[in-house]
Structures are given as C-alpha cells and as structure tokens.
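**Student:** coords below, sequence missing:
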C-alpha cells in the first residue's frame, strides 16, 4: 500500500459499491498501525458506519484439523447459492508464532475463493489479541458496508481468542471431531459454555458411530450449563463437509436462531452489550498498558514484589504506593 | 472505637502476645475507612508482618443452609483439641444487602465462641468485594501474628466472593448437600473447579443413600477438570457435622494436602502468586475506579455509548477519545 499510494475517496466509493479490491485496500489501511493512515481510516469507518450492522455475524471455532476450512468452503458456497454475499475473516493472534495462519491455506476453499460473492481475508498477524480483535471488528463494519450479509469469523480453539470472537458475533459455532476418546477432555469448558451449537464434523464413513455417541455426550454436557440469555437451547448436530451433508441443516438452525433472537430482542440487545463490552475492554486495556509500561512503574513494581515476598509490605500497601508514583 | 480511643502500641504489644481483645481492636481499625486511622493501621501491619505467614489458610464455601457454621463449630473444636489456635473470618460483600451476615449467627458456634483458643470475626459489612477482600487479607496477617495457626475463611457460595477467598487461601473446601435433585445444577462450574475437596454434609439418617450417590456424581464431574497445578487430586468426602463424623477425616485429608504441597513447593509458590495477584488486582481496580469515577468521564461515557448505538462511532474510537480526556 505504501508503494502504490491510495485514494481515500476512491476507496470509500468503491467499498460502498461492493468493490472487493477497494474493500481489501481499506482493511489493509486498518491493519496498518501507521499514524499517517489514521485520518484515512477514520474517514473510511465514518463513511461505512451508516451502512453497517446489517449482516449476521457467525463465529466458528475448533481445534486445528477439525475441518474448519473445508466446512467454511461448503457452507459459504451453499449460502452464495441462496443469493447471500459471504465474508470470511479470522481472529488468530497466535498465527505469527505458530507460523501457519488460519485461512492461510486457501486451497481448502478453492471454489469459495473464486466466487464473486465471497470475500476471504486471512488474519492480521503479528499482533496482540486486543489489536486483532479491534481490527477484525472494524473490518466487519467495512464488509457490511460493502454489502456482505453473512460474516463468518473463524478462530482456532486454543487460547483466549474464542472469547473475543464470541463477543463480536451473533452466533457461536463449535466444530468438533468424534472418536478422539473422551470427547469432553481437551476442550475448555468455557468454550462449550459459549457455544450456541456444537457441530460434530467428519461424521462420515467409519466415524459415524462414534459421532452419534459423541452427540449424546455433548448433549449431556450442555445440560449442565445455565440457560442462555438468548433463550436459545444449544444444539448438537452431525455434519460431513466431505459428503456435503449437514450444511443445509446448519443454515436452517441458524435461521431458527435469528428468528428467535430477533423476536425476543436478544439479537439487538446483545450487539448493544457487545459494543459496550468492547468500549470498556479497550479502555481498561489501555489504562493498564499505560500504567505498567511506564519505566518507573516497571522498576518499582519488581521492587515492591520483592518487598512483599520479604514480608516488609502487603500487596495493598504496595499497590497504593505504586499508584501515587504516577499521579 | 471512636468513643474509647485506642493506643497503637498497646494494641501491637497485646496482639503479638495473642490477646484477642487487642487483635479485635486492630481489625476494627483495619475495617474503619477513616483516614485518621491510616497511620495506626500501617504501624500495626508493619509490626505484624514479620510474624505472619505461619498458619494454614482454609477457604470454606457452600450455599446458605448447607451447614457451614455447624461444620466450623465441629471442625474448630476438633482442631483446638489437637492444640491448634483457630481463627474464623468471613468474606461476604452481600451481607449488607441480605441483612443476614454469615458468621452472624454465632449460636451455631456455641462452644467455639467460648473457647480461649478460638477467634471468630464476622464480616466487615457494607463494603465492596475488593474492600472486604483487602480487609480480610490484612486481618489474616494480624491473626497469624497473634499466633493463630489455622485460619478458616468462610464465604457464601453465591457471587464472586469464592474467587476472592480461593485467592487468599491454601486449600478450598466446598460444602454440599446431597439429595437436592440434580447435584451439579446450581453450583457454578468455576467453584467446583476451584475446590480442593467437596464435602457432602449432613450425610446422616435418611440422606445417607443420596449422599453416596452424590459422591459418585461429583467424582465424575471433577474428572472433567484439568489437573491442578498443586498435583493434588481433589477429593469427595462424606461428612455429618451433626453426628460429628468426617471431621477427623477432613483434617487428615488437609494434612496430606499440606505435606504434598509443602514438599513439591506449591504451597510457597502459590502464596507468592497470590500476593502478586492481589497487588495487580488492587492496582487494576484503582486504575479503573479513578478513571470511571471522574465526573467528566462519567458524562462523556454515556454520550459515547449513545453515539456508538447511533452508529456514529466505534467502541475503539470512543475509547481513544475518552482516554485523551484524562491525559
């Protein structure tokens, strides 16, 4: 982008017409941390905001190997056949470490990549979770302004990124494999609690029996969680992306969910709560980072911890002392 | 305390000799939020700190009616027979709302209350959780300096106070009743995850069969949680405070736990981590309260939320704007 230069007005005009090249440029500007792009980014977002908020946002998670890309390929193509425009984004702050970014392997989305009605954007890598989350949230706004009406946000089922994705989507889908032994081990309970549906993937061929058994186990596990504020009862479904089976049923389930939550007002209320969450989250993160990154605090914090350890002060006295330093 | 006045030096001398009247006065000073007592509090804590850190700290939680007071009466008296000095504190920020403070009903601890080797202190009421937590943590230090070697910290199994108690104790004990239907419903998974042991109380008479069945269910549930950093495998035990049964076994279990965690260094390491937790927790709370209680921020926060709702700004832009106000 630095080499080519850019024209903010052209980006805005193109983006609002659904031009994917301009949309892509706009997202690149958002992902750039350069101060010189700040003004352009603000302008693009301001122009997009009145046209945003019109899509459904679906979070998709699952450990590597569960078949997320293959599922998104089938699911995305099905939605496009229904006349939808589908954007696929990813939240994966670990990608810079693990090397292999999700959505990086677009060969598994061969057909979707080529489709005019699809927009696929891999992760902004090398960033903190907070940073990736902000960029993804703002990219969602641009995608919506560009007319995409189903936004799929993919994340890897490890670490804290699920909470972030859960807090920026309307529906949270957990993909699982059957037949990996004790089905409940290895997934964090928090993720199961967030899930609006668990889709047992690759429920084909020899896996079919194990998948059906897993379904029973997950249903029992979900039963232990408190009722959702949405009044939605989380579902457990079987799916085979390979055999292209379960895709239609997944969309049917989603339309049931959206009709329920739009009727009982949870859909709207939840988005409002999510906005508030991100506002407070963003403030709290910055308050902390300003404080702890202060050179004097860094030095004194270590000293106070040592003093606590030597029983010369208490954590609360130490906290008060450190807070007076920055006043 | 205002009426009587107080003598800081007399408090310190008495407290270090194990005088319960002076210990009580010292805790009242800690609980007082008056600025004029700040200096005295600092002095008392400073004098106590070198003598602190020598007890075992046991957190006890369970919903109202589970029999915590009766259990503590039996357990405390048993420990005193073994030659221990037992302090009982409580964390319950809700007491000012619910009216009935825990430990308030000392009639259930008739014998313990009268014992020379016991010190019982009800909740500091009418305070935030952070405030209660700080006061309880500092009271623990004073109790330890006064020679109490087993500190029991009671909390009610509702709300956030368990996390606070879990973060200031060496062992976390969950009391449960059997026979209340689906055993796992109604307790937050987080609490089960924190528990080092689940004690099924009132496992007597007609309850016995249900209690045994509950034990099996809890064991299965505990199996789903990840291994503890302490390497301790959480236990499920039956207990009848009424029949004075299971008390000895509970202490035996605790001594096993302490011998394991002192050997593998978790005990020491955990206390170090807890100190760090409270230091950072206390800083973060104060950073937030300073920010959000600022009159200008209060006003502008509401306005920014409204602007987000009207799609005129994003949560991240709003956060940046609010943060510039306080610079």
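**Tutor:** Yes, it's here. Since we're looking at a predicted model, the values are computed, not measured. Numbers count the residues shown, from 1 in each chain, chains lettered A, B, ... in the order given.

**Student:** Run through the residues that contact residue A:67.
**Tutor:** A:175, A:177, A:201, A:202, A:241 (Cβ atoms under 8 Å, 6 or more residues apart in numbering or on different chains). Quick note: C-beta positions are derived from backbone N, CA and C, even for glycine.

**Student:** Oh, that last question was meant for residue A:178, not what I typed.
**Tutor:** A:200, A:202, A:203, A:207, A:210, A:211, A:212, A:213, A:214, A:215.

**Student:** Show me which pair in the contacts of residue A:67 is furthest apart.
**Tutor:** By the measure Cβ to Cβ, A:177 and A:241 form the most distant pair in those, at 11.6 Å.

**Student:** Compare these two and say which is more crowded by neighbours.
**Tutor:** Remark: of residue A:177 and residue A:241, residue A:241 carries more neighbours, 24 against 19, as counted by other Cβ atoms under 10 Å in any protein chain shown.

**Student:** how about the helices in chain A?
**Tutor:** According to DSSP state H, chain A carries its helices in the segments A:8-16, A:20-31, A:38-48, A:68-81, A:95-98, A:110-114, A:129-145, A:161-166, A:189-194, A:208-223, A:247-263, A:266-292, A:295-309, A:315-325.

**Student:** Now mean neighbour count, distance to chain B and mean pLDDT too, for the ones you listed, in CSV please.
**Tutor:** Formatted as CSV, the helices of chain A follow (neighbours: other Cβ atoms under 10 Å in any protein chain shown; distance: least, Cβ to the nearest Cβ, whole Å; pLDDT from 0 to 100):
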stretch, mean neighbour count, distance to chain B, mean pLDDT
helix A:8-16, 18, 15, 95
helix A:20-31, 21, 10, 93
helix A:38-48, 18, 6, 92
helix A:68-81, 22, 24, 93
helix A:95-98, 15, 21, 44
helix A:110-114, 13, 28, 88
helix A:129-145, 23, 5, 89
helix A:161-166, 22, 13, 88
helix A:189-194, 18, 6, 81
helix A:208-223, 16, 8, 87
helix A:247-263, 15, 17, 97
helix A:266-292, 17, 4, 92
helix A:295-309, 14, 5, 93
helix A:315-325, 18, 4, 92
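
**Student:** Next one: the nearest residue to residue A:80 once chain neighbours are set aside from chain B, what distance?
**Tutor:** Using Cβ to Cβ, 6 or more residues apart in numbering or on different chains and skipping the chain neighbours, the partner closest in space to residue A:80 is residue A:117 (4.6 Å). Counting by Cβ to the nearest Cβ, to the nearest Å, the gap from residue A:117 to chain B is 25 Å.

**Student:** Next up, the contacts around residue A:117.
**Tutor:** Taking Cβ under 8 Å, 6+ apart, we find residue A:117 in contact with A:80, A:84, A:85, A:86.

**Student:** Would you list the phi and psi of the second one?
**Tutor:** Put plainly, it is residue A:84. Main-chain torsions, residue A:84, degrees, to the nearest 10: phi -80, psi 160.

**Student:** Kindly state the pLDDT recorded for it?
**Tutor:** At residue A:84, the model reports a pLDDT of 97.

**Student:** Once you drop chain neighbours, what's closest to it?
**Tutor:** residue A:150 (5.0 Å).

**Student:** In this structure that neighbour contacts residue A:83, no?
**Tutor:** No - counting by Cβ atoms under 8 Å, residue A:150 does not reach residue A:83; the two are 10.7 Å apart.

**Student:** just to revisit the earlier point, pick the one among the contacts of residue A:67 closest to chain B.
**Tutor:** residue A:177 (18.2 Å; Cβ to the nearest Cβ).
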